[in-house]
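**Student:** One predicted model, sequence on top.
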Amino acid sequence: MKLICPLWMLSCVVWVSADVCIPEGCRRYETAGAESTLALETANPYCVPPEKLASAQATCGVNQVMINTPKDERGDGEFGHACVPGREKEFKYSFEQSLVYAVTLRSSYIHIMSGCIPPGSNESECRKTYVSNLKSAASALSKLGMQGLIEPINSYSIPNYYMNCYDKAISVINSVGSQNIGLLLDIYHLQTIQGNLTRSIADYLPYTKHIQISQVPGRHEPNSPGELNYGYVMAVLQLVRYQGWIGLEYHPAKGTEEGLKWVQECCPT
């Protein structure tokens with residue numbers, strides 16, 4: 001498990017550095033470097049040329065662990081379109097764009113956003129499209145030694161999002177049948193969707209490539225008031241021998257630097 005103090009922590013600057021003026025640009029790497037953050041995940045790097053981001057990344061000595069596929073190409077508030085029937089060519093184009101960024105930034109993972117079930121489509125049609133697109137993505141990823149991730153997102157955060165539960169995610173991963181497609185396990189969504197964290201973490205660990213954390217329901221620092229005891233959660237992750245990164249996907253209540261002080265409180269020694 002890669003954390004800091006005394007484990008390493010992956011800073012998800014989309015949330016942790018929400019107070020940075022340029023939310024998706026090169027300043028993100030500068031801020032991370034100044035905070036001694038070892039790695040970043042970025043939801044939307046596409047507003048800056050990949051070569052420019054790579055230059056900032058190299059200057060600041062920060063690794064890139066994950067990027068998301070584009071989520072809103074039409075400007076209508078969509079969240080990807082991997083599951084959307086009839087938009088397979090758009091998915092192929094956007095995924096190829098993600099590959100360019102991931103290769104340039106040396107990112108290990110690409111979060112492939114499923115998108116929402118469109119009007120006139122049903123679960124069966126969307127699943128067929130989704131699995132087909134993921135198989136194509138897995139083939140491309142395998143040639144580059146990279147992995148794609150799928151993430152269940154609760155229906156309160158994104159109504160009608162296709163990938164909205166863990167049983168569905170595991171079923172899809174098994175249907176794709178590739179080592180290059182795995183699970184992004186966000187503890188915030190896991191608690192909101194089904195709870196029973198101790199058993200759920202153990203059950204999903206064989207599929208899990210990456211974990212994200214935040215408090216429920218406010219999505220602030222793990223030690224902020226809420227439903228979860230993150231001292232216990234972190235101990236569970238150690239107990240099950242999780243070996244990957246943990247992303248800090250939260251809104252810092254008092255700014256990024258102040259918000260990172262929770263690590264000493266919640267991380268077991």
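**Tutor:** Structure received. A quick note: this is a predicted structure, and the numbers were derived from the prediction, not measured. Numbering: from 1, shown residues only.

**Student:** Tell me where the stretch 151-269 of the chain is predicted with low confidence.
**Tutor:** Applying pLDDT under 70 to the stretch 151-269 of the chain flags residues 264-269.

**Student:** At which residues are the strands of it located?
**Tutor:** Under the criterion DSSP state E, counting those that start in this stretch, the stretch 151-269 of the chain carries strands at the ranges 181-186, 208-213, 246-248.

**Student:** I'd like those strands as CSV, with mean neighbour count and distance to K92 appended.
**Tutor:** Using the backbone N, CA and C atoms, a C-beta is placed for each residue, glycine as well. Listed next are these as CSV, based on neighbours: other CB atoms under 10 Å; distance: least, CB to CB, whole Å:
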stretch, mean neighbour count, distance to K92
strand 181-186, 24, 16
strand 208-213, 22, 23
strand 246-248, 25, 27
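
**Student:** how about those strands in CSV, adding distance to V240?
**Tutor:** As requested, those are arranged in CSV below (distance: least, CB to CB, whole Å):
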stretch, distance to V240
strand 181-186, 11
strand 208-213, 9
strand 246-248, 13
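
**Student:** Looking at strand pairing, list the partners for the nearest residue to I187 once chain neighbours are set aside.
**Tutor:** What sits nearest to I187 in space, not counting adjacent residues and going by CB to CB, 6 or more residues apart in numbering, is I213, at 4.8 Å. Using DSSP bridges, the bridge partners assigned to I213 are L248.

**Student:** Thought L185 was touching I213, still the case?
**Tutor:** No. Using CB atoms under 8 Å, I213 is not in contact with L185; the gap is 9.6 Å.

**Student:** H210 versus N229, what's the distance?
**Tutor:** Look at N229 and H210: by CB to CB, to the nearest Å, they are 22 Å apart.

**Student:** What of A54?
**Tutor:** Separation of A54 from H210 (CB to CB): 21 Å.

**Student:** Report all helices and strands that the one helix or strand V100 maps to contacts.
**Tutor:** Using DSSP states H and E, V100 sits within helix 88-105. The helices and strands touching helix 88-105, judged by 3 or more CB pairs under 8 Å, 6 or more residues apart in numbering; DSSP states H and E, are helix 50-60, strand 63-68, strand 109-111, helix 123-144.

**Student:** same thing but 7 Å
**Tutor:** Contacts defined by 3 or more CB pairs under 7 Å, 6 or more residues apart in numbering; DSSP states H and E place helix 88-105 against helix 50-60, strand 63-68, helix 123-144.

**Student:** helix/strand/coil for L149?
**Tutor:** When the structure is reduced to helix, strand and coil (DSSP: H, G, I helix; E, B strand; the rest coil), L149 reads as strand.

**Student:** pLDDT value on it, please?
**Tutor:** As summarised for this prediction, L149 has a pLDDT of 99.

**Student:** Same question for K71.
**Tutor:** We note a pLDDT of 85 for K71 in this prediction.

**Student:** what do you get for P49?
**Tutor:** Looking at P49 specifically, the model assigns a pLDDT of 92.

**Student:** how deep is it tucked in, by neighbour count?
**Tutor:** 12 (other CB atoms under 10 Å).

**Student:** gap between it and Q97?
**Tutor:** Computed with CB to CB, the distance linking P49 and Q97 is 12 Å.

**Student:** Kindly report the same for Y156.
**Tutor:** Computed with CB to CB, the distance linking Y156 and Q97 is 30 Å.

**Student:** Appreciated, that's everything.
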